[in-house]
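**Q** the sequence and its predicted three-dimensional model are supplied below.
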Amino acid sequence: MRFHSLPESKRYPEDEAEYAVLLDRYNTVLDELFAGGDVYVVTTDWAPLSELVEWSDERADLHPEGTLWTTLDKTADPDPDFHTRWYFYADRRPWRRGCLDPLLRAAADDALPGIFVTDPGLTRIHHPYDGGADVVLPTPGERDRLRDRHSAWLSGHPSGY
C-alpha cells in the first residue's frame, strides 16, 4: 500500500511546515507498525561492479550505525557497463518516534533513496521515498485497517498510486 507524504499528493516539501506534515505522517505509520519493539533500519548504496565502493559519505553521515549486511550484484542487463553492486547496511534499534527523522527527510528530498524499516521478523516493511511511503504488511486485514485509518493520505488515482 502506498501513502502520500503531503496533501494533494505533493511530491517535495518546500518549507519546514511541510516537513513537519510529512514527518508526522511517516512517524504515525511507523508508530503503528513498530511501537514497543525493535526495528532494523536498512540503507543502500551502489556502484558499478568495476569499482569497489562500500560507503558514500552522505550515507555514512546519515546512517553511521549501519554496518554492511550484504551485497547484491545486478547483472541482468546484457551491457556490462550497466552491471552494479548494491550494498545494504543495517542496524537494529528500539523504535522511537522521531529516531529516523534525518533519514526520513533525506528520503523525502530524494537525497537518500533505498531506505527501509522492518521488524526483526521481516513481516512489516516501511519504505519511505520522495512523495510517500510504501508499506508491506503480513495480512490483507492489517493492510486494510491501516489503509482505512489513513485513507486521506492515499492517492485519488484509480490505481492507488
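**A** Nice, thanks for sending it over.

**Q** could I get the buried residue list for the worst-scoring helix or strand of the chain on mean pLDDT?
**A** The weakest-scoring helix or strand in the chain, judged by mean pLDDT, DSSP states H and E, is helix 57-62 (a mean of 85). For helix 57-62, burial by neighbour count (16 or more other C-beta atoms under 10 Å) applies to 59, 62. Every C-beta, even on glycine, is put in place using the N, C-alpha and C of the backbone.

**Q** elements contacting it?
**A** The elements that helix 57-62 packs onto, with contact taken as 3 or more C-beta pairs under 8 Å, 6 or more residues apart in numbering; DSSP states H and E, are strand 38-48, helix 101-108.

**Q** out of these, which is closest to residue 14?
**A** The minimum distance between residue 14 and the helices and strands packed on helix 57-62 falls on helix 101-108, with 11.2 Å, by C-beta to C-beta.

**Q** any regions of this structure where pLDDT drops low?
**A** The chain contains residues with pLDDT under 70 at 52-55, 157-161.

**Q** buried set for the longest helix seen in the chain?
**A** Ranked by residue count under DSSP state H, the longest helix found in the chain is helix 16-34. For helix 16-34, burial by neighbour count (16+ other C-beta under 10 Å) applies to 18, 19, 22, 23, 25, 26, 27, 29, 30, 32, 33, 34.
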